[in-house]
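**Q** sharing a model prediction with you, sequence too.
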Amino acid sequence: MLRVAYHCFSVAATLQGLETVCVDFNEERWLCQYMLGKIAEKQCQPPDVFLNYYLSASNFLYDSNATYPIKINHNNPTTLSVEALELFYRTNASILKYLEKCSYITRPIGDLFKHVLKKLSSSPFAFNKAKIVDTCIYAVKWKYHYSSKSSINKNHLNSDAFIKANAGENFNFVEVPRANRNHCDYEETRASENTIATNSSSSFSNFGTESETSNTDEANSYYSESEVEKIYEKAIINLEECVTRFPEHYKSIYRLASFYINGPDGVKNENVSERLLLNQYQTGIGNIINGLFYDRKANNIFNGIWRIPSSEIDRPGNFSSYLVKCVDILIKLLTDQSNYNLLIEIILRLQRSPDIDNKMILRL
């Protein structure tokens, strides 16, 4: 099914790249790139492949006049704001998931992650800078919120020079050389993949001769623990930003909780995961986030968890499947903590048959 879906979206993306295609059809170019990225990630393709798609989708969203508000209203989100946040989330979450699975990170992959995170930190999303807006008044919040000693001149922040230097219109993604990466065998999809890469190449710049001829020793070396730590710390900050802007974004809270349970030994922290799931969590800049099940009630454990208001993002079955993941990780946490009282309470609540309109999950 994944290969069929990959082929279909590849063909659609190819057609969207044709000059003869109508404007309305081209406005959905971000969606094809987004779906291709999700498929590539599920196929265990190399990180540069799915990150390429996600960043390309973000570029197309920007060209479609997406907005990047500092707060997203769940009931009335601005143009493509939810979609833009989802792409920002997805890019960071894919990096965290990769770090969860791999004990060692090769230097080319680590350099790729650093480069992507650096580009995200100066992206339109980070600076709340839509294509139709000339200034980014919230730039100081993102760029300097971890520097208590920074004294930034407000006029300087709103200057054209500052904006051009820090919030470019494109990500200019740099790809990792294929020869230096580990990947699954998907030769049948390579022809389609190359076609899409060609059509989206305007958003990226390829490695030059110098990168192609990098020595083998460097390609086979690994990132140190401190280097990997800097990567996941930045990704965590970015996910915290997603929840701060859109408190109903349950995916970000789940991904953070999952990382603190399943991440590397040096970062595992069940207490933090418990706050993210059951209590309240404080971000690095002091914002308070309600845990995923913080608003649970006796007759509804899922109270306070809302669907994402975008049919392109929250597709049929997506919400219920995520809630299954959320309950799974909650049960794992309570089991590891030997918190049997709360575990029994949760299980008893899940045993009750809800009304058909309130049925959140189909299986567990």
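**A** Perfect, I can see it now.
**Q** tell me which residues in stretch 98-110 are buried?
**A** For stretch 98-110, the neighbour count (16 or more other CB atoms under 10 Å) marks Tyr98, Leu99, Glu100, Ile105, Thr106, Arg107, Pro108, Ile109, Gly110 as buried. Where you see a C-beta, it was placed from the backbone N, CA and C, and this is true even at glycine.
**Q** export the residues you listed to JSON lines and tack on secondary structure and distance to Arg29?
**A** Formatted as JSON lines, the buried residues of stretch 98-110 follow (DSSP: H, G, I helix; E, B strand; the rest coil; distance: CB to CB, whole Å):
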{"residue": "Tyr98", "secondary structure": "helix", "distance to Arg29": "26"}
{"residue": "Leu99", "secondary structure": "helix", "distance to Arg29": "30"}
{"residue": "Glu100", "secondary structure": "helix", "distance to Arg29": "31"}
{"residue": "Ile105", "secondary structure": "coil", "distance to Arg29": "31"}
{"residue": "Thr106", "secondary structure": "strand", "distance to Arg29": "32"}
{"residue": "Arg107", "secondary structure": "helix", "distance to Arg29": "33"}
{"residue": "Pro108", "secondary structure": "helix", "distance to Arg29": "28"}
{"residue": "Ile109", "secondary structure": "helix", "distance to Arg29": "27"}
{"residue": "Gly110", "secondary structure": "helix", "distance to Arg29": "30"}
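**Q** just those now: which is nearest Arg349?
**A** Glu100 (28.6 Å; CB to CB).
**Q** any idea how far Arg296 is from the closest one?
**A** Separation of Glu100 from Arg296 (CB to CB, to the nearest Å) stands at 26 Å.
**Q** now swap in Asn339 and tell me
**A** Where Arg296 is concerned, Asn339 sits at a distance of 15 Å (CB to CB).
**Q** looking at the two, which has the bigger crowd around it?
**A** When neighbours are counted by other CB atoms under 10 Å, Asn339 and Arg296 differ, and Arg296 comes out ahead with 18 against 15.
**Q** now do the SS call for the residue nearest to that one when sequence neighbours are not counted.
**A** Among residues not flanking Arg296 along the chain, Asn303 sits closest, at 5.6 Å (CB to CB, 6 or more residues apart in numbering). What DSSP: H, G, I helix; E, B strand; the rest coil gives for Asn303 is coil.
**Q** the one 10 residues further on now?
**A** Assigned state for Ile313: coil (three-state reduction, three-state DSSP).
**Q** nearest spatial neighbour of it, skipping sequence neighbours?
**A** Using CB to CB, 6+ apart, the closest residue to Ile313 is Glu86 (4.9 Å).
**Q** could you say which helix or strand holds the one you found?
**A** helix 81-101 (DSSP states H and E).
**Q** now for that helix, which elements pack on it?
**A** helix 29-42, helix 47-63, helix 107-121, helix 225-245, helix 250-262 (3 or more CB pairs under 8 Å, 6 or more residues apart in numbering; DSSP states H and E).
**Q** deepest-packed of these, please.
**A** helix 47-63 (a mean of 26; mean count of other CB atoms under 10 Å).
**Q** distance between stretch 94-108 and the chain's centre?
**A** 15 Å (CA atoms, centre = their mean, to the nearest Å).
**Q** using CSV, write down the CA coordinates of stretch 316-326.
**A** Provided in CSV are the C-alpha atoms of stretch 316-326 (Å, rounded to 0.1, in the frame of the first residue of the first chain):
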residue,chain,number,x,y,z
PRO,A,316,-9.9,9.7,8.8
GLY,A,317,-8.5,7.3,11.4
ASN,A,318,-5.6,9.5,12.4
PHE,A,319,-7.1,10.8,15.6
SER,A,320,-8.1,7.5,17.0
SER,A,321,-4.8,5.9,16.1
TYR,A,322,-2.9,8.6,17.9
LEU,A,323,-5.1,8.2,21.0
VAL,A,324,-4.2,4.5,21.0
LYS,A,325,-0.6,5.5,21.0
CYS,A,326,-1.2,8.0,23.8
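**Q** tell me how this structure divides into domains.
**A** Domain segmentation of the chain under automatic domain parsing yields 2-223, 236-364.
**Q** go ahead and measure how far the shortest one is from the middle of the chain.
**A** Domain 236-364 sits 17 Å away from the centroid of its parent chain (CA atoms, centre = their mean).
**Q** Tyr68 against Lys131, yeah?
**A** No - Tyr68 is beyond contact range of Lys131, at 9.9 Å (criterion: CB atoms under 8 Å).
**Q** where does the stretch 151-300 of the chain have low pLDDT?
**A** By pLDDT under 70, the weakly predicted segments of the stretch 151-300 of the chain are 151-219.
**Q** could I get the full set of helices for it?
**A** 154-157, 160-166, 190-199, 209-212, 216-220, 225-245, 250-262, 270-277 (DSSP state H, counting those that start in this stretch).
**Q** so what's Ala57 up against?
**A** Trp30, Leu31, Gln33, Tyr34, Gly37, Leu87 (CB atoms under 8 Å, 6 or more residues apart in numbering).
**Q** apply 7 Å and report the result again.
**A** The contact partners of Ala57, taken as CB atoms under 7 Å, 6 or more residues apart in numbering, are Trp30, Gln33, Tyr34, Gly37, Leu87.
**Q** what's the farthest-apart pair in those residues?
**A** The widest separation within these (CB to CB) is 10.5 Å, between Trp30 and Gly37.
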